[in-house]
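Q: no sequence for this one, just the structure:
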């Protein structure tokens, strides 16, 4: 009998959690470690901020999913791994032994720009922060227009800006003045057509973009740029790009430059073959992967096969990242921007397509 530990209950582990009965039937025990009873789907997080979805509509009841299938669920956050003793150490609680370990520990948004005592400053991950921000925007919005600042120049900044404005514009609220602070060109890594559509959408809704100087620091009520400019803001979002979980660096496992676990084409640690990983927490050795959920979804069946194969001493399957992927941004107010293979358009249809795909993904694993 082998001990399979799933560290994290995110997108890349959905099929593994679904396959728990089959893994148990193979003669193994399965334990899942997660910080919460529910896992929030990041692709629908901006929609929750904007009011398109409630928290239960964008999350998976992972604890009940695991336990109803015969697995064991441990509440906790992974602090580090001892790959020599094959132990997972939690931030609090006993160490957890494993024979095979699969990691889906996600990513985080660096918050070093903000002082530890800053209030009304929200990183865009964990996704639950967006619900707290929504409530705070509407609390202030009952009395006056809300000044909202978003630090960052990528897709997360675009989606948060539009949906934060949507939260402030709901009936009975005073609305908002929204600013995006980006040191370099906005959406500089996106296709030109997507950038133009995004800028048109932001301009139409009165959302300003402040360019030319990076954010130096943020504090309660203010954003300070490197050029010395100071902007008073009621609500501040940090959307400055994500970094893989720091667990692998703390565990002295081989990582990429960004700290993600270095894995081979089998999604397997290059130094310890009994450790697998997927999603945002990896550095894929054959070629770098964007930090987008589509790769976690595509990695699901490979992780299921390879984890079971490793437990049973069978050959592994390689992961093929596949070709181009559908890109859809939720820009708030029931609108979006879609891009695939040179086709780009914005408006309600783009959001409806995204909504259909996202709801289908949630229903696939929750049955609701």
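A: Perfect, thanks for sending it. Because the structure is predicted, anything quoted here is derived from the model rather than measured. Numbering: from 1, shown residues only.
Q: C-alpha only now, for contacts and for neighbours.
A: Noted.
Q: in the stretch 1-150 of the chain, which spans are helices?
A: With helices called from DSSP state H, counting those that start in this stretch, the stretch 1-150 of the chain shows them at 14-18, 20-25, 45-50, 62-68, 128-141.
Q: and the longest one, what other elements does it pack with?
A: What that stands for is helix 128-141. Counting contacts by 3 or more Cα pairs under 8 Å, 6 or more residues apart in numbering; DSSP states H and E, helix 128-141 is packed against helix 45-50, strand 121-123, helix 155-168.
Q: ok, back up a step: and among the helices of the stretch 1-150 of the chain, the most buried is which?
A: Per residue and on average, the most neighbours among those fall to helix 45-50, with a mean of 29 (mean count of other Cα atoms under 10 Å).
Q: want to throw the helices and strands packed on helix 128-141 into TSV with distance to residue 241 and mean pLDDT?
A: Below are the helices and strands packed on helix 128-141 laid out as TSV (distance: least, Cα to Cα, whole Å; pLDDT from 0 to 100):
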stretch	distance to residue 241	mean pLDDT
helix 45-50	15	98
strand 121-123	10	96
helix 155-168	8	98
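Q: what's the closest of these to residue 1?
A: helix 45-50 (39.1 Å; Cα to Cα).
Q: what's next to that closest one, contact-wise?
A: 53-55, 58, 127, 130-131, 133-134, 159-160, 162-167, 330, 332-333 (Cα atoms under 8 Å, 6 or more residues apart in numbering).
Q: now the end-to-end length of stretch 78-90.
A: Start-to-end span of stretch 78-90 (Cα to Cα, to the nearest Å) is 4 Å.
Q: in it, which residues are buried?
A: Across stretch 78-90, burial judged by 16 or more other Cα atoms under 10 Å covers 78-83, 86-90.
Q: and residue 158, how far is that from residue 186?
A: 9 Å.
Q: swap in residue 263?
A: Following Cα to Cα, the distance that separates residue 263 from residue 186 is 31 Å.
Q: and what of residue 74?
A: Residue 74 is 41 Å from residue 186, by Cα to Cα.
Q: more neighbours, the two?
A: Neighbour tally, residue 74 and residue 186, criterion other Cα atoms under 10 Å: the higher count belongs to residue 186, 22 against 18.
Q: mind checking how far that one is from residue 164?
A: Using Cα to Cα, residue 186 is found at 18 Å from residue 164.
Q: got it, and residue 205?
A: For residue 205, the distance to residue 164 - Cα to Cα - is 12 Å.
Q: who's more crowded, these two?
A: Set residue 205 next to residue 164 and count neighbours by other Cα under 10 Å: residue 164 wins out with 34 against 13.
Q: count the residues that sit near residue 223.
A: Residue 223 has 23 neighbours, counted by other Cα under 10 Å.
Q: and the helix or strand harbouring it, how far out from the chain's middle?
A: Residue 223 is part of strand 222-225, with elements assigned from DSSP states H and E. Relative to the chain's own centre, strand 222-225 is displaced by 25 Å; criterion: Cα atoms, centre = their mean, to the nearest Å.
Q: got a list of contacts for whichever helix or strand comes after it?
A: Where DSSP H and E defines the elements, the next helix or strand beyond strand 222-225 is strand 230-232. Contacting residues not belonging to strand 230-232 are listed as 147, 221-224 [Cα under 8 Å, 6+ apart].
Q: nearest to residue 141, of these?
A: residue 147 (9.5 Å).
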